[in-house]
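Chemist: Sequence isn't available, so here's the structure alone:
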């Protein structure tokens, strides 16, 4: 008997497999379904059939049997026609409680409208060997044989867990100790912390720890420690008057690259509750980048509770030792800032001299929020390298379009003067639920392209180039086509999480920063909010989507939800995505098609990094249509996408 769930939490029934089914739509053609199943190694397939008035029927097949039937009965028939699906053939549906207590012989397990698993007491073909080979396949070694050989050639690596110790409660203005360093075992207070690893440590180099306090005054903000387990350095902190909950955050920097971080809260005695202090999990993965992927300039921008921005700069090629600068600038209206940018660009139809003036004025405002020291360091890095620098912008400030900062002295006079057109820039959310540092390479094993034409029936402006965009990307990069409907998207959001899954969406989008609301507007008149797209993610598992290109208006702005990163960028990065691209404002349909086509040509065919490909497109901005500079990128500036054969 096989019982499988997409998310096995709180369910323990015999053998629970988390990656054992995918969902196929009954209205797909046999050819579409077979193409979708190519490379899938799950044991079962759930077929979803939705009829008028929302009536829904589910059918369960082993993957191998379904593929045989579809090949035998014609590729041009729909799945429903090929299998002659009728209501009486549908399997039972039950919730997780029913499955745990009295599972029927064959059933699909649902949680509300979500398909979360199945029950099948029939004998599985191959006696379950297929599932074992799938598990082994997902747990395979990263990098293959060359990666193994490189690993054997390295020196003994340094491995440790972050150590950050501070009192759970403190009295305002009374000093307490903060210890920062490394541990040989995980700290349970810091959550499911993964090891920091330096593959071949230099015995003459130490690790720089950068400590910052939010509501906490520190005696100093950085120090050096040796790469050794169970070594710590002591700082002294005091809780500021009137602060109920403060925090300390550490970034570990080795060889001028951020390799990890951790955070802890300190409550005032007056505000302390009779419960354990909240655990803040350390970000998911920590490792030193390979030499070719090292970042030229890392900027950390933290928005503190008192409204100030705290800045840190790390520049390996720059001889300056200024690694920390605080700027007492209050940013209480950042959501209004983002909303005003969209409103003003819409008023001038996103193009022409007026559009250019809007961007330049916004760019000056953003540049005014950045310390002048940043522009000095950026110029020094550019001069030292003699090439376009890479820039990693770590921030928890969701609404400011840092990419539009207008450089007072452009590095390249031939390019638009905006920061992201002058550098190869990647933004990343400095959030407890987002991995740190961001990944630097991704093997794309599956491409899914979602698009619809829209029009009167959909109640939305027609996207005249969306279908051509989907067709082109599917033909060029062996993508799977999907309609922009809830029925088609449910197949992407259900079942097995496939490693290396890139999703491209050419759809309508909507964002209201003032209301902290972002949605995809689908062709069946339904809306898909950001929280519904990716779902949960556990460290070490493949994410639902490894890379997402949202060619949808306005959805590049993140938001905040329950104190965490929100919006599509926040939800997708917290869901484990390695990178996200999306526009901040409305984009021209034909130019969006050209942006997408050019992007994939550069990253898949030419081997460009994601940031380099986007910078090349931003350089095309000629002062007319604003589409080339609308896109922002969340990810490592050196991230390389390799299309698997």
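Modeler: In hand now; what should we look at? From a predicted model like this one, the values you see are computed outputs, not experimental measurements.

Chemist: how much space between residue 44 and residue 84?
Modeler: Here residue 44 is placed at a distance of 20 Å from residue 84 (Cβ to Cβ, to the nearest Å). C-betas here are computed from N, CA, C, even on glycine.

Chemist: Between these two, tell me which one has more neighbours.
Modeler: residue 44 (25 against 9; other Cβ atoms under 10 Å).

Chemist: pretty sure that one contacts residue 63?
Modeler: Yes - because the distance of 6.2 Å satisfies Cβ atoms under 8 Å, residue 44 is recorded as touching residue 63.

Chemist: Can you verify my assumption that residue 167 contacts residue 266?
Modeler: Yes - Residue 167 is in contact with residue 266 according to Cβ under 8 Å; the separation is 6.1 Å.

Chemist: what residues are shared contacts of the two?
Modeler: Common neighbours of residue 167 and residue 266, counting by Cβ atoms under 8 Å, 6 or more residues apart in numbering, are residue 176.

Chemist: So between these two, which is more surrounded?
Modeler: More crowded of residue 167 and residue 266, by other Cβ under 10 Å: residue 266, with 25 against 15.

Chemist: Check the more buried one and give its pLDDT.
Modeler: According to the prediction, residue 266 has pLDDT 91.

Chemist: ok, now residue 192?
Modeler: According to the per-residue confidence, residue 192 scores 55 in pLDDT.

Chemist: buried residues in the longest helix that the chain contains?
Modeler: In terms of residue count, the longest helix belonging to the chain (DSSP state H) is helix 352-369. Within helix 352-369, the residues that qualify as buried are 355, 356, 358, 359, 360, 362, 363, 365, 366, 367, 369, counting by 16 or more other Cβ atoms under 10 Å.

Chemist: pLDDT below threshold where in this protein?
Modeler: Along the chain, the model assigns pLDDT under 70 to residues 1-19, 97-103, 122-155, 191-194, 270-292, 319-338, 511-517, 539-540, 554-566, 645.

Chemist: Name the nearest residue to the residue positioned nearest the centre of it, ignoring sequence neighbours.
Modeler: Against the mean C-alpha coordinate of the chain, by Cα atoms, centre = their mean, the closest residue is residue 573 at 2.3 Å. Ranked by Cβ to Cβ, 6 or more residues apart in numbering and with sequence neighbours excluded, the top spatial neighbour of residue 573 is residue 434, at 4.8 Å.

Chemist: Quick one: the strands in the stretch 51-200 of the chain, in order.
Modeler: Defined through DSSP state E, counting those that start in this stretch, the strands belonging to the stretch 51-200 of the chain, from first to last, are 56-62, 92-94, 106-111, 114-120, 158-165, 169-170, 176-183, 196-198.

Chemist: Sheet partners, orientation included, of the fifth one?
Modeler: This means strand 158-165. Using DSSP bridges, strand 158-165 pairs in its sheet with strand 176-183 (antiparallel), strand 196-198 (antiparallel).

Chemist: can you put those strands in a markdown table and add distance to residue 93 and mean neighbour count?
Modeler: Formatted as a markdown table, the entries for the strands paired with strand 158-165 read as follows, by distance: least, Cβ to Cβ, whole Å; neighbours: other Cβ atoms under 10 Å:
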| stretch | distance to residue 93 | mean neighbour count |
| --- | --- | --- |
| strand 176-183 | 47 | 19 |
| strand 196-198 | 45 | 20 |
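
Chemist: Measure how buried residue 260 is and give me the count.
Modeler: Around residue 260 there are 28 other residues, counting by other Cβ under 10 Å.

Chemist: tell me what the helix or strand hosting it is packed against?
Modeler: Using DSSP states H and E, residue 260 falls within strand 257-268. Here strand 257-268 is seen to pack against strand 158-165, strand 169-170, strand 196-198, strand 232-239, strand 245-254, strand 286-287, strand 297-303 when contacts are counted using 3 or more Cβ pairs under 8 Å, 6 or more residues apart in numbering; DSSP states H and E.

Chemist: at 6 Å what do you get?
Modeler: When contacts are defined as 3 or more Cβ pairs under 6 Å, 6 or more residues apart in numbering; DSSP states H and E, strand 257-268 sits against strand 158-165, strand 245-254.

Chemist: Nearest to residue 23, out of these?
Modeler: Distances from residue 23 to each of the helices and strands packed on strand 257-268 were compared by Cβ to Cβ, and the smallest falls on strand 158-165, at 38.2 Å.

Chemist: what angle do the closest one and strand 245-254 make?
Modeler: Using axes from the mean of the first three to the mean of the last three Cα atoms, to 10 degrees, the direction of strand 158-165 lies 160 degrees away from that of strand 245-254.

Chemist: what's strand 158-165 in contact with?
Modeler: 179-183, 186, 193, 195-198, 201, 227, 229, 232, 250, 260, 262, 264, 282 (Cβ atoms under 6 Å, 6 or more residues apart in numbering).

Chemist: tell me which residues in it are buried?
Modeler: 158, 160, 161, 162, 163, 164, 165.

Chemist: Would you check which pair of those lies furthest apart?
Modeler: Spanning the widest gap among these are 158 and 165, at 20.5 Å by Cβ to Cβ.

Chemist: Grab the nearest non-local neighbour of residue 350.
Modeler: The shortest distance from residue 350 to any residue other than its chain neighbours is 5.0 Å, reached at residue 626 (Cβ to Cβ, 6+ apart).

Chemist: Tell me, how many residues neighbour the one you found?
Modeler: Residues lying near residue 626 (other Cβ under 10 Å) number 25.

Chemist: do residue 236 as well
Modeler: Using other Cβ under 10 Å as the criterion, residue 236 is surrounded by 12 other residues.

Chemist: Could you pull up the contacting residues of it?
Modeler: For residue 236, the contact set (Cβ under 6 Å, 6+ apart) comprises 175, 219.
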